[in-house]
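1. Sequence and predicted model, in that order:
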Amino acid sequence: MVGVPESHTGWTFITNHARVLAAIADNPNVRIRDIAVHCRLTERAVQRIISDLEQDGYLSHTRDGRANTYRIDPDKVLRHPAEAGLTVASLLSLLVQDETDRVTTPDAQSPRLADTKA
């Protein structure tokens, strides 16, 4: 995974669960070690998050030798009542971009705040 940002302190808008899910959506064959590096988490934290996501049906995996292939359930509804009716697919559509877009034009896909005012 390319373009890992510098470390950050303080609060952020995206949870670690969402970050891990987005990393898996980018590459269903990604290794836990690579997710940890990309998300700036420990491998143990990533394992716990994957376990949480699997336990609640957002994610499943198949084992092929020593490698895992993950499958995300895109129709699964998000957990928080404030996101009632929103699916994993809608969340991932905001978080997962083509790597080229992310590196060269990070604002190309997002509307400007001034343009969204009614």
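-> Perfect, I can see it now. Numbering: from 1, shown residues only.
2. Show me what the longest helix anywhere in the chain is packed against.
-> Using DSSP state H to assign secondary structure, the helix with the most residues in the chain is helix 43-55. Using 3 or more Cβ pairs under 8 Å, 6 or more residues apart in numbering; DSSP states H and E, the elements in contact with helix 43-55 are helix 16-26, helix 32-39, strand 59-64. Using the backbone N, CA and C atoms, a C-beta is placed for each residue, glycine as well.
3. Kindly reformat the ones you listed as JSON lines containing mean pLDDT and distance to Y70.
-> Formatted as JSON lines, these follow (pLDDT from 0 to 100; distance: least, Cβ to Cβ, whole Å):
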{"stretch": "helix 16-26", "mean pLDDT": "96", "distance to Y70": "5"}
{"stretch": "helix 32-39", "mean pLDDT": "96", "distance to Y70": "10"}
{"stretch": "strand 59-64", "mean pLDDT": "96", "distance to Y70": "5"}
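4. Which one of those lies nearest to V88?
-> helix 16-26 (7.2 Å; Cβ to Cβ).
5. That closest one packs against which elements?
-> For helix 16-26, the elements it packs on are helix 32-39, helix 43-55, strand 67-72, helix 88-95, judged by 3+ Cβ pairs under 8 Å, 6+ apart.
6. Hmm, H38 is touching V20, no?
-> No - using Cβ atoms under 8 Å as the test, H38 is too far from V20 to be in contact (9.0 Å).
7. Would you mind telling me which of those two has more residues around it?
-> Legend: neighbour count by other Cβ atoms under 10 Å for H38 and V20, higher for V20 (26 against 21).
8. circling back: the inter-axis angle of the longest helix of the chain versus helix 88-95?
-> When axes from the mean of the first three to the mean of the last three Cα atoms, to 10 degrees is applied, the directions of helix 43-55 and helix 88-95 differ by 140 degrees.
9. Give me the distance between N68 and V20.
-> 13 Å (Cβ to Cβ, to the nearest Å).
10. for R79, same thing?
-> 15 Å.
11. Do I have it right that A18 meets L91?
-> Yes - with contact defined as Cβ under 8 Å, A18 and L91 form a contacting pair (6.6 Å).
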